[in-house]
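Trainee: Dropping the sequence and predicted coords here.
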Amino acid sequence: MPRDSCHDPRSARLAATHVQLLVVLSLAMSAAPAVGLDQGQPREQVQVTATRVPVPRQEVAADVSIITGEELRARGASDLASALCLVAGVEAPPGGDTGPAGAVPSFWGLHEFDAFLLVVDGVPWGGAFNPAIPTLNLNDVERIEVMKGAAPVVFGATSFVGVIHVIHYAAGASAQETHVGYGSFGSVRASLSTAVGSAGPFRQSLAFDARKTGYSDARESVRGGNLLYRAAIPLADGELAVDLGLGLMRQAPPSPTVREGGALTVRTPLDANFNPPDSRIDEVRPQLRVAFDRQTSLGRWGTTLAVSRSSVRDVRGFLRSSLINDGSQNADYQDQDRSVKDVYADTHVGSRLSETLGSVFGADVLYGMGRQQSRNGAYFVPIDGATAAPRVDALSRDEVNDLADRRAYFGQYAQLEWAPLPRLSSSAGLRLNETREQKESSHVDTHDPNADAAGQRSRRQTRMTAMAGLVLQAWRGESGSLGLFADYRDSVKPAAIDFGPDYTPDVLKSESARSVEAGERLELGGGAVSIDCSVFLQDFRNLVLQTLDANGLPVFQNAGGERLKGAEVSARVAQGRNLQLQLGFSYHNASFTQGVATEGGANVSLAGRQLTLAPHWLGALGILWMPVDGLSGSVNANWVGRRYLDLANSAQAGAYATIDTIARYRRGDFSVSLAARNLTNRRVPVTQSEFGDASYYLLPARSLVADFSWKIRN
């Protein structure tokens, strides 16, 4: 079946209409005369994730954490796991089905690869499908903003439980550092970030990093890097910015460990790799981002256009949970080619209508086209790991599955900020979401032509999402302040496509969620002490579950519900500029409210059961010492409570603690450091595979990295 045959003229016309709307808004803003704007003095802890325009964190009706780039570099954070380890209630264990360079962040107790939104410099990273974590570039980061809960107005139908916004230094600015490191298992890495050759008003920056990461499993590795070039120049009383990015990743994946009954099996070695020798997850992802920003008579106007394409070759195998070892087939492989194209366009205006009233209004389009072909089969590999599996190119194919999916999200949004009293502010927003999705899929059975199948499905949906919030400055003085906030959010997200190897022709209904949240932000000693507390409740509907039909065949359907509730507390104490102490503690209760799902070859009733890998208790402690010269370092400790490994809640994994630390000596522009990850060497299950049956990825083994760095002076 021709892949391009799933083009729908109605969707094309609708897409063209929305693009024209964006162009009209852009031309209108560019024609509006510029007016002066008193910028005032910069304020600390300003965020843009919840509002699209800079707003102090204390004035936002949501739980927002800000991690500065200076702190990330002082702690030696180079991935999401280390970057987010001190954010209360958040986990981001490395690895998962996207490979060892990936991660599966968890917010509010929900541990799923697609339930959060990843944004990089204002652009959804992964677009209309799933977060593209393996190619995420954390070099030359100015700050990371983490917002709990959904962003149903300013970012629309792409997240439920959290937003991670990575913001790099703007063109002409940079961390101005070079790093070279060597570590455990033959790991090497190098990075460079600098503001280069700026001339007059033309500014540019360059950030580059490359790495080879080894693991305790000798066959597991990551090779790759990222390049980001940023340029900006004044244009038409505003500023034009252009970003060129390239991510290259070559991963040799590990094998997840199979669960037997109530615990992980002990019949396979800890770091056994049952993948075929030619297994790999290779990805190339270029991206172009163009943005224009200027002050107009209507307010601050910004427009962004971003285009990316990800090309992936995914070859790997999964050991079956039966663990048969008699020479018959006991593992399944996939040999997949996959490509994902994304286009994102947004235009919005932030206005100050009066001293007490501000607004943001705009429109955006998020379009994605994903294609894959999976060639699947089975093989035998001894479960003792002593003998390697056969190569995929030497195995027969049992089936070939094709998929072509086009998604388009169109949104028009408006958000108001109103301060009716000096210490009381409110916010409210609406977004009209129009979703169009078309999917074509086919299944070719190489053994039985009668089993061949093909399907074409489409779905259109129009739905309003909303948010509302209040912020009360209960106390404000020279020594500190106390702010109280509460918010309500109604969000929607189209059902995820995991690009697995199976034949999945249906386009399911969108999942939806409603949440309420309340909290406080206390600052003392002029900001030297800050304490944040929040409570939340979120209900999911139309949750996608895989169940068995009357014939015992798997089928996906919108048949589930979940409830997430809990409380989170974080505290930060700073002694001058050099010493910083952080604490985080949270209680989560994440459970199903309804649904039936398949597990272990049978259906399981889910109502009242806890979500898998969702601990009730999480704790974090961080100590950071960062003087300008001499000895510095940090110690981060994380504690994760007991959690269930299965839907039936019959298999429980015990609590565990991890410690990461770094010691550094700096003299002038040069420094040397030694960092340790997972110092306690805990090898516990942290993420469940979506592809392997009853299979779990383990926390990577302890690793050490020595690093030499120096500041670049232009």
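Mentor: Yes, it's here.
Trainee: residues in contact with Pro494?
Mentor: When the contact criterion is C-beta atoms under 8 Å, 6 or more residues apart in numbering, the partners of Pro494 are Ala157, Arg407, Tyr409, Thr435, Glu437, Gln461, Ser510, Glu511. For glycine as for every other residue, the C-beta is placed from the backbone atoms N, C-alpha and C.
Trainee: now do Gln594
Mentor: Ala559, Gly560, Gly561, Leu606, Ala607.
Trainee: Tell me the buried residues in the host helix or strand of Asp342?
Mentor: If you go by DSSP states H and E, Asp342 is part of strand 331-352. Within strand 331-352, the residues that count as buried by 16 or more other C-beta atoms under 10 Å are 331-336, 338, 340-351.
Trainee: wait, isn't Ala451 in contact with Ser442?
Mentor: No: with contact defined as C-beta atoms under 8 Å, Ala451 does not reach Ser442; the gap is 11.9 Å.
Trainee: In terms of neighbours, single out the busier of the two.
Mentor: Ser442 (19 against 11; other C-beta atoms under 10 Å).
Trainee: Spatially nearest residue to Val141, not counting backbone neighbours?
Mentor: Leaving aside its chain neighbours, Val141 sits nearest to Gly69 (4.6 Å; criterion: C-beta to C-beta, 6 or more residues apart in numbering).
Trainee: OK, contacts around the one you found?
Mentor: Asp140, Val141, Glu142, Arg143, Tyr169, Ala175.
Trainee: Could you do Gly299 as well?
Mentor: Here Gly299 is in contact with Val349, Gly350, Ser351, Arg352, Ser359 (C-beta under 8 Å, 6+ apart).
Trainee: same check, this time on Leu704
Mentor: Leu704 neighbours (C-beta under 8 Å, 6+ apart): Gly183, Ser184, Leu674, Ala675, Ala676, Arg677.
Trainee: element containing the fifth one?
Mentor: Right, the one you point to is Ala676. Ala676 belongs to strand 670-677 when elements are defined using DSSP H and E.
Trainee: next SSE after that strand?
Mentor: Next in sequence after strand 670-677, counting helices and strands by DSSP H and E, comes strand 685-688.
Trainee: quick one: strands adjacent to the helix or strand following that following strand?
Mentor: Using DSSP H and E, the next helix or strand after strand 685-688 towards the C-terminus is strand 695-698. Here strand 695-698 is paired, per DSSP bridges, with strand 257-260 (antiparallel), strand 685-688 (antiparallel).
Trainee: Any buried residues in the next helix or strand after strand 695-698, and which?
Mentor: The C-terminal neighbour of strand 695-698 among helices and strands, as given by DSSP H and E, is strand 703-711. Under the neighbour-count criterion of 16+ other C-beta under 10 Å, strand 703-711 has Ser703, Val705, Asp707, Ser709 buried.
Trainee: didn't the last one look like it was pressed against Glu177?
Mentor: Yes: at 5.7 Å, Ser709 and Glu177 qualify as touching, with contact defined as C-beta under 8 Å.
Trainee: Surely Val161 is in contact with Leu117?
Mentor: No: contact between Val161 and Leu117 fails when scored by C-beta under 8 Å: they sit 9.3 Å apart.
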